[in-house]
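Asks: got a predicted structure plus its sequence, pasted below:
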Amino acid sequence: MIRNIIFDIGGVLVDYDWKTYLESFHFPPEKTDAIAKATFLSAAWSELDREALSIDEITAMMTAAAPQYATDILTVFHGLRHTIRRRGYACDLIRSLQGRGFRVYYLSNYSSHTRNQTREALDFLPLMDGGLFSYEVKQVKPEPEIFASLLARYPDIRPEESVFFDDSAVNVEAARRLGFHGIVFRDRAQAMADLDRYL
């Protein structure tokens, strides 16, 4: 029996749209590409979500990747709140699943820096039954350790009784290897139709 629904956040309950945000600066194409590679597409970004390094260490890694754009990289980095928008269905989806008897959790790669900037977009979190951000345990998906940390925090969650939704197929496959039911999230209608197949 399925008792638990576990959601990723970015690309599932919120839009994570760094491309539109970066384009809003109207940098020349070659500069936009360099800044993207130094920030959102960099190894430093995963380290940001892991939060084993300080913000100063993370931004130093980013600016070192394109030192000629250091000032703009820092400006982009400190405006990350503009990359996140809550999806209109988020609160209704959580409540509707709880109304069907499910417990609803989150498991997301997310830094405290970004969370502090996007609290308004994450206003659905108090509705949920719990969850875990990567920065809290210095682990990131698809590492199996972060799933283990979720289970340690909530001993009542059993993988075989849980469906994990993520927009990343790699993360979903990692969850499946640990015994969770996994569904790649494309949109609400598809995800709920796929969920019904497990019920």
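Replies: Sure thing, it's come through.
Asks: residues making contact with stretch 165-172?
Replies: Residues outside stretch 165-172 that contact it (Cβ atoms under 8 Å, 6 or more residues apart in numbering): 5-8, 10-12, 141-142, 164, 175, 182-186, 191. The way it works is simple: take the backbone N, C-alpha and C, and place the C-beta from them, glycine included.
Asks: ok, now which ones touch the residue nearest to Asn4 when sequence neighbours are not counted?
Replies: Sequence neighbours aside, Ser162 is the residue nearest to Asn4 in space, at 4.0 Å (criterion: Cβ to Cβ, 6 or more residues apart in numbering). Going by Cβ under 8 Å, 6+ apart, Ser162 touches 2-6, 180-181.
Asks: that older thread, from the contacts of stretch 165-172, which land in strands?
Replies: The subset of these located in strands under the criterion DSSP state E comprises 5-7, 164, 182-184.
Asks: need those residues in TSV (columns: pLDDT and neighbour count).
Replies: Conversion of those to TSV gives the following (pLDDT from 0 to 100; neighbours: other Cβ atoms under 10 Å):
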residue	pLDDT	neighbour count
Ile5	98	25
Ile6	98	28
Phe7	98	24
Phe164	98	26
Gly182	98	22
Ile183	98	22
Val184	98	16
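Asks: now distance to Arg197 too, for the residues you listed, in JSON lines please.
Replies: Converted to JSON lines, the ones in strands among the contacts of stretch 165-172 look like this (distance: Cβ to Cβ, whole Å):
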{"residue": "Ile5", "distance to Arg197": "14"}
{"residue": "Ile6", "distance to Arg197": "17"}
{"residue": "Phe7", "distance to Arg197": "18"}
{"residue": "Phe164", "distance to Arg197": "15"}
{"residue": "Gly182", "distance to Arg197": "13"}
{"residue": "Ile183", "distance to Arg197": "9"}
{"residue": "Val184", "distance to Arg197": "13"}
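Asks: before we move on, the earlier item: got the contacts of Ser162 as CSV, with distance to Ala152 columns?
Replies: Formatted as CSV, the contacts of Ser162 follow (distance: Cβ to Cβ, whole Å):
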residue, distance to Ala152
Ile2, 21
Arg3, 18
Asn4, 15
Ile5, 19
Ile6, 14
Phe180, 15
His181, 20
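Asks: weed out the non-buried ones from those residues.
Replies: Using 16 or more other Cβ atoms under 10 Å as the burial test, the contacts of Ser162 include 4-6, 180-181 as buried.
Asks: who does Gly131 bridge with?
Replies: Using DSSP bridges, the bridge partners assigned to Gly131 are Tyr106.
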